[in-house]
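Enquirer: here you go, sequence then predicted model.
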Amino acid sequence: MQKVRVRFAPSPTGALHIGGVRTALYNYLLARQTGGQFILRIEDTDQTRYVPGAEQYIKDALAWFGLTPDEGPGYGGDKGPYRQSDRQPIYQEYAQALIESGKAFYAFDTPEELDAKREAEKADGNHNFRYDVTTRMEMRNSESLPASEVAALLDANTPYTIRLKVPADEVVTIHDLIRGEVQFQTNELDDKVLLKADGMPTYHLANIVDDHLMEITHVIRGEEWLPSTAHHVLLYRAFGWEDTMPQFAHLPLILKPTGKGKLSKRDGAALGIPVFPLAWNGDTEEESFTGFREFGFDPKAAVNFLALLGWNPGTEQEIFTLEELITAFSVEKIGKSGARFDFDKAKWFNQQYIAQTDDAALAAQIKPWLQAHGVERTDAFLRTFAGLMKERVVFYPDFWKNGYYFFTEVKEYDEKTIQKKWKPEMLPLFEELRATLLALGDTDEATLEATVKSFMEANGLGFGQVLPVLRVGVTGTMQGPAIFAVMALLGSQEVDKRLKRAFEVFSRL
RNA sequence: GGUCCGUUCGUCUAGGGGUUAGGACGCAAGAUUUUCAUUCUUGUAACACGGGUUCGAUUCCCGUACGGACUACCA
């Protein structure tokens, strides 16, 4: 298979959206599958939108998912620098080259003039002003102005942008790996700004120059870039790089769980679901978010879920390890239409992962979550606990939420069960059972079960009369693992203490 | 408004000129588990619409509708 060089090129303007993670994932998968490179490039050419900490967030998020770049800022690689703000001279040089070859031109129109022009066109009933072949000569640029005037403006250090000179009457055909052939008429395309007045490149210039210099073979990015891909192809042509132009694949969007439109950060707060990988502390509460990690997702489950959102292998397999995804992945099998974010499905993946993790690994995994609640137990204890609980949880915090009674005394007794099952006249019998269990000492599940069974037989009692009382007495709830397993893990002293207290509480009700 | 993209169960999707249109999530019922959950079985539910092409279209073509993206000196 042809070795691939792909890049994930986010803009550090805030927390990385989960859709961005999926884009990174698909890039990563293709790189690993072919033994190629996965490159992280930071597209920070807009100083006004730069958010400190965002780059670190991106790196942390990728690390959490296990999608480590082979090249990028802080990751090494010999095609750097990988931060676009560090590459400014390169872009200026290439923009200049385009001016010299007549593929681009200087534009002296100020933002105010452009705004005024747009307003005027609107007032005339024209819908949108476009800086293009048809309007170029009405504007103030090196195409419309005499050479002497252009030189004078340049000498006077007049601010300018450099714009792409889009050729007239051509058809640009894009071969998208996902969408097939897409055609654009150049007459519909505007003269995009390549270099801004502040000397920084726009996305379009920086992207093409970097992808070329970094020898990118495949551009896998969001669907929002499809309309400007024609400009990108034109740029490759202008530079004479068309023969090494990367292949394009435009990914469908991730949509809101309900309603219209794409998934947004507001959906997280509105629906109580995570839309970011990790928590993000913004300036305000509205700008702060929890993430998949804080929700208690396993990153492997989240990756699995994300991978299947818009892609499928064509088989009926749904649970994949990263390695399996790497082998199974293919760009051609990515869907064309937007995929709705289905949180129920995400939960299912997590539940499946937790249930399939072996007890020792799971114990290590949940340790920090339990320590946050002051839990200190041996690894052996935690391992057994994990095994007993893993088929009863969806997220990591559920281990504490549903199984806190393994570590601390019962907070609340299920009153309905007590009212139904507790008969005051049976207190002497239960006290006798308690004494029997204490005398038995620490033992295993089977012995406990046998002991209680023979006690019931001796006294003519049924399971329905004894077990619910025992269960609620020890755990407070009717939900949970086999009661004898819980008792075995807790130990005879602890069980006795709990039963003693529970019978007192029950008697008062 | 213009340009471009899209449309199979509620959701994620498979499929593809003749199929009982398959799977998964969800939901419902049942079985197992004397709790809960897991697991298993079963059920529920879809080709946006209208024209073509064709012996035959959900599948191919064209429209329409609907949804979406783009239309910045943002990415």
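Expert: That came through, no problem. Numbers count the residues shown, from 1 in each chain, chains lettered A, B, ... in the order given.
Enquirer: and the stretch 401-509 of chain A, which residues reach RNA strand B?
Expert: Remark: the part of the stretch 401-509 of chain A in contact with RNA strand B comprises A:G462, A:F463, A:G464, A:L467, A:P468, A:R471, A:M478, A:Q479, A:G480, A:P481, A:A482, A:I483, using Cβ under 7 Å from any atom of the strand. In short, each C-beta sits where N, CA and C put it, glycine included.
Enquirer: got a pLDDT number for the last one?
Expert: Meaning A:I483. What the model reports as pLDDT for A:I483 is 96.
Enquirer: and it, what is it in contact with?
Expert: A:L467, A:L470, A:R471, A:V474, A:T475 (Cβ atoms under 8 Å, 6 or more residues apart in numbering).
Enquirer: go with 10 Å
Expert: Listed by Cβ atoms under 10 Å, 6 or more residues apart in numbering, the contact partners of A:I483 are A:E445, A:L448, A:E449, A:V452, A:L467, A:P468, A:L470, A:R471, A:V472, A:G473, A:V474, A:T475.
Enquirer: ditto for the fifth one
Expert: A:P468 sits next to A:D414, A:T417, A:I418, A:K420, A:K421, A:W422, A:M478, A:I483 when contact means Cβ under 10 Å, 6+ apart.
Enquirer: sec struct for it, please.
Expert: helix (DSSP: H, G, I helix; E, B strand; the rest coil).
Enquirer: so which of the contacts of A:I483 comes closest to A:F399?
Expert: A:T475 (14.2 Å; Cβ to Cβ).
Enquirer: what's the closest non-adjacent residue to that closest one?
Expert: Spatially, and ignoring its direct neighbours in sequence, A:T475 is nearest to A:Y405 (4.6 Å; Cβ to Cβ, 6 or more residues apart in numbering).
Enquirer: okay if I get the contacts of A:I483 as JSON lines plus pLDDT and secondary structure?
Expert: Output for the contacts of A:I483, formatted as JSON lines (pLDDT from 0 to 100; DSSP: H, G, I helix; E, B strand; the rest coil):
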{"residue": "A:E445", "pLDDT": "94", "secondary structure": "helix"}
{"residue": "A:L448", "pLDDT": "95", "secondary structure": "helix"}
{"residue": "A:E449", "pLDDT": "94", "secondary structure": "helix"}
{"residue": "A:V452", "pLDDT": "94", "secondary structure": "helix"}
{"residue": "A:L467", "pLDDT": "95", "secondary structure": "helix"}
{"residue": "A:P468", "pLDDT": "95", "secondary structure": "helix"}
{"residue": "A:L470", "pLDDT": "95", "secondary structure": "helix"}
{"residue": "A:R471", "pLDDT": "96", "secondary structure": "helix"}
{"residue": "A:V472", "pLDDT": "96", "secondary structure": "helix"}
{"residue": "A:G473", "pLDDT": "96", "secondary structure": "helix"}
{"residue": "A:V474", "pLDDT": "97", "secondary structure": "helix"}
{"residue": "A:T475", "pLDDT": "97", "secondary structure": "helix"}
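Enquirer: of the contacts of A:P468 - the most surrounded one?
Expert: Greatest neighbour count in these, by other Cβ atoms under 10 Å, goes to A:W422: 23 neighbours.
Enquirer: so that one sits right up against A:V466, yeah?
Expert: No - A:W422 is not in contact with A:V466 according to Cβ atoms under 10 Å; the separation is 11.2 Å.
Enquirer: any shared contact partners between these two?
Expert: By Cβ under 10 Å, 6+ apart, A:W422 and A:V466 have these common neighbours: A:F430.
Enquirer: and the residue of chain A nearest RNA strand B?
Expert: When scored by Cβ to the nearest atom of the strand, chain A has A:F463 as its residue closest to RNA strand B, at 2.0 Å.
Enquirer: and that residue, what pLDDT?
Expert: 89.
Enquirer: find the nearest non-adjacent residue to it, please.
Expert: A:M456 (7.2 Å).
Enquirer: ok, that neighbour - contacts?
Expert: A:L429, A:L433, A:G462, A:F463, A:Q465, A:V466, A:L467.
Enquirer: number of residues surrounding the first one?
Expert: Neighbour count for A:L429, taken as other Cβ under 10 Å: 16.
Enquirer: cool, the fourth one as well?
Expert: Residues lying near A:F463 (other Cβ under 10 Å) number 11.
Enquirer: which of the three states applies to A:G199?
Expert: State at A:G199, reduced to three classes by three-state DSSP: coil.
Enquirer: and the gap between it and A:A152?
Expert: Note on A:G199: its distance to A:A152, by Cβ to Cβ, to the nearest Å, is 21 Å.
Enquirer: now do the helices in the stretch 401-509 of chain A.
Expert: A:415-421, A:427-440, A:445-459, A:463-475, A:483-490, A:492-508 (DSSP state H, counting those that start in this stretch).
Enquirer: now tabulate those helices in CSV and tack on distance to A:Q356.
Expert: Shown next, in CSV, are those (distance: least, Cβ to Cβ, whole Å):
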stretch, distance to A:Q356
helix A:415-421, 32
helix A:427-440, 34
helix A:445-459, 23
helix A:463-475, 25
helix A:483-490, 20
helix A:492-508, 30
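Enquirer: could you say which of the ones you listed is packed most deeply?
Expert: Mean neighbours per residue, mean count of other Cβ atoms under 10 Å, is largest over those for helix A:483-490, with a mean of 21.
Enquirer: that one: how far from the chain's middle?
Expert: Computed by Cα atoms, centre = their mean, to the nearest Å, the chain-centroid distance of helix A:483-490 equals 39 Å.
Enquirer: distance of the closest residue to A:K500 other than its chain neighbours relative to A:E415?
Expert: Nearest residue to A:K500, sequence neighbours excluded (Cβ to Cβ, 6+ apart): A:R434, at 6.8 Å. Using Cβ to Cβ, one obtains 21 Å as the distance from A:R434 to A:E415.
Enquirer: need the pLDDT of the residue nearest to A:T475.
Expert: pLDDT, A:Y405: 97.
Enquirer: need the contact list for it.
Expert: A:Y405 touches A:K411, A:E412, A:V474, A:T475, A:G476, A:T477, A:G480, A:V486, A:L490, A:R498, counting by Cβ under 10 Å, 6+ apart.
Enquirer: and of these, the nearest to A:D398?
Expert: A:G480 (12.0 Å).
Enquirer: how many other residues sit next to that closest one?
Expert: 19.
Enquirer: do I have it right that it meets A:E391?
Expert: No - checked against Cβ under 10 Å, the pair A:G480 and A:E391 is beyond contact range at 11.1 Å.
Enquirer: strands of chain A, residue ranges please.
Expert: A:5-8, A:37-40, A:104-107, A:161-164, A:171-176, A:180-185, A:193-195, A:218-222, A:247-251, A:254-255, A:339-340 (DSSP state E).
Enquirer: shouldn't A:A107 be in contact with A:I162?
Expert: Yes - proximity of A:A107 to A:I162 meets the contact threshold set by Cβ under 10 Å, at 7.2 Å.
Enquirer: where does the stretch 51-200 of chain A come near RNA strand B, residue by residue?
Expert: Proximity of the stretch 51-200 of chain A to RNA strand B, by Cβ under 7 Å from any atom of the strand, involves residues A:109-111, A:114, A:118, A:127-128, A:130-131, A:159, A:161, A:179-180, A:182-185, A:188, A:190, A:193, A:196-198, A:200.
Enquirer: now these: which count as buried?
Expert: Burial by neighbour count, 16 or more other Cβ atoms under 10 Å: within these this picks out A:D109, A:R130, A:Y131, A:T161, A:R179, A:V182, A:F184, A:D190, A:V193, A:K196, A:M200.
Enquirer: just flag the most distant two among these.
Expert: That would be A:D109 and A:R179, which, of these, are the farthest apart (Cβ to Cβ) at 34.5 Å.
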